[in-house]
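Trainee: Based on what follows, work out the 3D shape:
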Amino acid sequence: MSPSATSSASLAETLRRAEQARRAGRWDDAAAAYRTAWESTGDPRWAGELGLLELSLRRYRDAAEHLRRALEGGDALASGARARLRGALQQAAQEVVEVAIVVGKPEAELFMDGRRVGQGFVTYVVYVEPGSHEARATLQGHEDGVGRFDAQRGDKLPLGLALKEKPPAPRPAQPAVAPRAAAAGETAIGPAIRLGGLALASAGVLVGAGFAIGWTVKDGEAESLREDLLATGGERACHELASVNDARCPELEDAIRSRDALGLVALVSVVASGVVGAAALSSFWWAPAPERGGVRVVPQATARGGGVRIEGAW
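Mentor: Numbering: from 1, shown residues only. Predicted structure coming up:
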């Protein structure tokens, strides 16, 4: 017997068992048999029969999913069967939540509550139980697109997931040059503490000022984007359930996140520089030592940050 004949015989036996179980009222067994037939053939007729049984078993989410799959099967269904499945889908959808998801990158992989939905499409229709859920789109080299929502029975929700490219990895830092060892009998701990502390304090002030300038720029960008969105879309322009309607919403979210991060770093830099500077000044009392020669600390600022240059001997 050829492989195709064996496959046909196996399918016929599976369908026979499914019908026997249905007539005997053993719906769980019938559903299992129709699931085997559908997964082995991809025939939408068996997906439809499976969905009808799951509806009878009150497995509404599974029923809605399989009934939709059957109705997407093109001309494989007769018109009467199609009308029957469409009515069953409407009944199942009233008990669950229907989510239409648009993915910014069709090559991304889509997950709903950790369960894989698919890959390679721009739009998906997913059914979930009422409650809190998370949709996540993943793609190598991109930040995940994540959408969280709460929904009630019978809701129909749109959801957009945007994926942004990750920034390039930073270059490795250059190895630090080892300091010159102190000569025998030379005591320089006091000056070293004072010079190092004041240098770090100066650098912290410069770096804090740079980040403060960056905060001002990002704050202006965020405010300008917010005004544009309010002018065109109203106060709900960037609501989670409407984010699919305006591509500028992820840009506004990124500007706000960058602004807040810059403000935090600027504050930490200034506070830390004050603490280090105070410790350096107090070393005159708890770590006194004679200075050796003149020393000059020169603050420096560039477009990429700030620092100091120390000249002299100690």
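
Trainee: And for H133, nearest residue in space, chain neighbours not counted?
Mentor: Computed as Cβ to Cβ, 6 or more residues apart in numbering, the closest residue to H133 that is not its neighbour in sequence is D113, at 5.6 Å. Any C-beta I mention is one placed from the backbone N, CA and C, and that applies to glycine too.

Trainee: Can you get me a residue count around the one you found?
Mentor: Under the neighbour criterion other Cβ atoms under 10 Å, D113 is assigned a count of 14.

Trainee: Surely it is in contact with E134?
Mentor: Yes. Look at D113 against E134 with Cβ atoms under 8 Å: they come within range, at 6.0 Å.

Trainee: circling back to that earlier point, from S56, how far out is the residue nearest to H133?
Mentor: Distance, D113 to S56, by Cβ to Cβ, to the nearest Å: 25 Å.

Trainee: Equivalent analysis for G131, please.
Mentor: Going from G131 to S56 by Cβ to Cβ gives 24 Å.

Trainee: can you check E65 too?
Mentor: With distances taken as Cβ to Cβ, E65 is found 15 Å from S56.

Trainee: Compare those two (neighbour count), which wins?
Mentor: Taking other Cβ under 10 Å, E65 and S56 do not tie; E65 has more neighbours (21 against 14).

Trainee: which SSE is that one in?
Mentor: Per DSSP states H and E: E65 is located in helix 60-71.

Trainee: Output the contacting helices and strands for that helix.
Mentor: Secondary-structure packing of helix 60-71 (3 or more Cβ pairs under 8 Å, 6 or more residues apart in numbering; DSSP states H and E): helix 44-56, helix 79-93, strand 123-128.

Trainee: Mean pLDDT and distance to R153 added to these, as CSV?
Mentor: Formatted as CSV, these follow (pLDDT from 0 to 100; distance: least, Cβ to Cβ, whole Å):
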stretch, mean pLDDT, distance to R153
helix 44-56, 93, 15
helix 79-93, 91, 10
strand 123-128, 94, 11
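
Trainee: Most tightly packed of the ones you listed?
Mentor: Most buried of these, by mean neighbour count (mean count of other Cβ atoms under 10 Å): helix 44-56, with a mean of 24.

Trainee: Which strand residues bridge the closest residue to R116 other than its chain neighbours?
Mentor: Nearest non-adjacent residue to R116, counting by Cβ to Cβ, 6+ apart: E109, 6.9 Å away. Counting by DSSP bridges, E109 is bridged to Q119, T138.

Trainee: what about E109, neighbour count?
Mentor: 16.

Trainee: My guess is it contacts T138. True?
Mentor: Yes. Using Cβ under 8 Å, E109 is in contact with T138, at 5.2 Å.

Trainee: Any idea how many residues pack against the closest residue to L53 other than its chain neighbours?
Mentor: Of all residues not flanking L53 in the chain, A31 sits nearest, at 4.2 Å (Cβ to Cβ, 6+ apart). Neighbouring residues of A31 were enumerated by other Cβ under 10 Å; the total is 25.

Trainee: For R84, see how far away A31 is.
Mentor: 17 Å.

Trainee: For the helix or strand that contains L11, which residues meet the burial criterion?
Mentor: In this assignment (DSSP H and E), L11 forms part of helix 3-23. For helix 3-23, a neighbour-count test (16 or more other Cβ atoms under 10 Å) marks 11, 14-15, 17-18, 21-22 as buried.

Trainee: May I see the residues you listed organised as CSV, with distance to G145 and pLDDT added?
Mentor: Converted to CSV, the buried residues of helix 3-23 look like this (distance: Cβ to Cβ, whole Å; pLDDT from 0 to 100):
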residue, distance to G145, pLDDT
L11, 40, 89
T14, 39, 92
L15, 41, 93
R17, 43, 94
A18, 40, 93
A21, 42, 93
R22, 42, 91
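
Trainee: Need the residues you listed in a markdown table (columns: distance to A100).
Mentor: Formatted as a markdown table, those follow (distance: Cβ to Cβ, whole Å):
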| residue | distance to A100 |
| --- | --- |
| L11 | 34 |
| T14 | 34 |
| L15 | 34 |
| R17 | 37 |
| A18 | 32 |
| A21 | 35 |
| R22 | 33 |
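
Trainee: Give me the phi and psi for the closest residue to R153 other than its chain neighbours.
Mentor: Closest residue in space to R153, ignoring its immediate chain neighbours: P130 at 4.7 Å, by Cβ to Cβ, 6+ apart. Main-chain dihedrals, P130, degrees, to the nearest 10: phi -60, psi 140.
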